[in-house]
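Engineer: can't give you the sequence, but here's the structure:
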Ligand code: HEM
């Protein structure tokens, strides 16, 4: 599914990360793999003990689609509000970022695009950590 979009030097600059990853089906798959990784990571799995994961998948898909420049259907909480009172640390954030990068690597996303995704994640870090 990834890699169906051929690089075109003339349009490359206008392509969103969303398009480059392969659009909605690719984000779907990425979020599934991502949460599988999160839920087996002892550093962070406990945060999701009481969370409705089906609902969480939907929100995360919508959020990542928006964050990657795809069609904006995200209606969830802003990142500061969503993570308030969880006392999240740098380590927690790092573990989630690792899961995200690991997912993209598993899907053979080019390193350059993984870099763009990491930048997007980093841009919400202060909000997620409520600082
Ligand atoms: C780039 C970093 C992150 C992004 C983009 C992100 C995104 C989201 C989104 C979109 C939601 C749904 C918000 C809503 O309910 O409307 C959410 C909720 C949640 N996030 Fe994150 N998150 C990030 C980092 C983290 C980290 C580091 C943790 C903990 C290790 C975490 C734990 C949670 C939990 C437990 C919820 C569910 C809250 C609830 O429903 O009670 N997130 N996140």
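Structural biologist: Received, thanks. As the structure is a computational prediction, the values presented were derived from the model and not from experiment.
Engineer: Now do the contacts for the residue of the chain found nearest the ligand.
Structural biologist: In the chain, the residue found nearest to the ligand is residue 76; the distance is 2.6 Å by C-beta to the nearest ligand atom. In short, each C-beta sits where N, CA and C put it, glycine included. Residue 76 is in contact with 59, 62, 63, 82, counting by C-beta atoms under 8 Å, 6 or more residues apart in numbering.
Engineer: are any of these buried, and which?
Structural biologist: Buried members of the contacts of residue 76, counted by 16 or more other C-beta atoms under 10 Å: 59, 62, 63.
Engineer: correct me, but residue 38 touches residue 99?
Structural biologist: Yes - in this structure, residue 38 is within contact of residue 99 by C-beta atoms under 8 Å, at 5.0 Å.
Engineer: intersection of neighbour lists for these two?
Structural biologist: Joint contacts of residue 38 and residue 99 (C-beta under 8 Å, 6+ apart) are residue 44.
Engineer: follow-up on the earlier one: of the buried ones among the contacts of residue 76, which are in range of the ligand?
Structural biologist: Among those, proximity to the ligand is found for 59, 63 (C-beta under 6 Å from any ligand atom).
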